[in-house]
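here is the input, now give the coordinates:
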Amino acid sequence: MELTPYVDRLRSDLSDAAAAGGAEAQAAAERLALALDPATRMVLLEALAQAAAEISGSLEHDAVDVRMTGRDPEFVVTRLASEEPAAPPPPPAPPGPPEAPEDDSQSRITLRLPESIKARAEEAANQVGQSLNAWLVDAVRDVLDATASGTRLDVHVGRNRISLTGEPGKRKQVRGWVT
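I've put the predicted structure just below:
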């Protein structure tokens with residue numbers, strides 16, 4: 001979706017309105033319109049993101065996201081729950097300590113990942129038959145559960161290792177290396 005026609009129309013409307021004030025007002029309006037171009041685009045993007053979130057909230061198995069392609073937004077529809085998983089689901093994890101019930105409401109965030117990491121995360125999600133969103137939610141939940149219980153969490157990716165240790169309510173330590 002190109003935003004330029006909308007920004008140009010706003011600029012034209014501002015110039016037309018300023019024409020009633022004379023040449024000096026019209027010149028000031030043109031300078032103002034140029035200065036407001038980035039802010040106008042940002043407001044339009046925020047409106048599109050809010051619209052996508054509202055549409056996603058009314059869909060049962062799909063999510064609508066706004067992604068940027070250059071300077072222009074693009075709507076992407078993602079299936080949240082696949083009817084036939086690509087691979088059998090992993091065996092259930094052993095039951096842990098009883099927890100307070102989780103809040104079922106959802107919150108929406110934007111996560112910007114390098115394309116190479118996104119591709120690897122999608123591949124990992126496909127291997128366990130999950131959507132990328134579900135896989136990321138599980139990954140965050142696992143890290144939070146491990147740090148909240150004070151257990152040590154070692155994450156190994158190839159030769160890289162990251163260790164998270166800590167006790168509830170105390171400062172957490174992150175140690176490791178990345179090559």
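
can you map out the helices along this structure?
4-19, 23-58, 115-127, 132-148 (DSSP state H).

if I look at the nearest residue to Leu111 once chain neighbours are set aside, how far off is Ala119?
In this structure, Leu111 finds its nearest non-sequential neighbour in Leu136, 7.4 Å apart by Cβ to Cβ, 6 or more residues apart in numbering. Using the backbone N, CA and C atoms, a C-beta is placed for each residue, glycine as well. Going from Leu136 to Ala119 by Cβ to Cβ, to the nearest Å gives 14 Å.

and what of Arg41?
28 Å.

comparing those two, which shows the higher neighbour count?
Arg41 (17 against 11; other Cβ atoms under 10 Å).

contact partners for that one?
Neighbour list for Arg41: 3, 7, 71 [criterion: Cβ atoms under 8 Å, 6 or more residues apart in numbering].

so what's the closest residue to Thr78 other than its chain neighbours up against?
Using Cβ to Cβ, 6+ apart and skipping residues adjacent in sequence, the residue nearest Thr78 is Ala63, 4.9 Å away. By Cβ under 8 Å, 6+ apart, the contact set of Ala63 is 56, 77-78, 80, 133.

domain-wise, how is this protein divided?
1-80, 83-179 (automatic domain parsing).

what mean pLDDT does the last one have?
When you say that, I think you mean domain 83-179. Taken as a whole, domain 83-179 has an average pLDDT of 67.

wait, isn't Asp138 in contact with Gly129?
No: counting by Cβ atoms under 8 Å, Asp138 stays clear of Gly129, with 11.9 Å between them.

what about Gly22, how many neighbours?
Number of residues near Gly22 (other Cβ under 10 Å) recorded here: 10.

and what of Leu80?
The local packing of Leu80 (other Cβ under 10 Å) involves 15 other residues.

contacts only, for it.
If you count contacts by Cβ under 8 Å, 6+ apart, then Leu80 has 61-63, 131, 133-134 around it.

now with 7 Å?
The contact partners of Leu80, by Cβ atoms under 7 Å, 6 or more residues apart in numbering, come to 61-63, 131, 133.

make a ChimeraX selection of the buried ones in these.
In ChimeraX, this line selects whichever of the contacts of Leu80 come out buried by 16 or more other Cβ atoms under 10 Å:
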select :63,131,133
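
nearest to Glu24, of the contacts of Leu80?
Comparing the contacts of Leu80 against Glu24 with Cβ to Cβ places Ala63 closest, at 49.7 Å.
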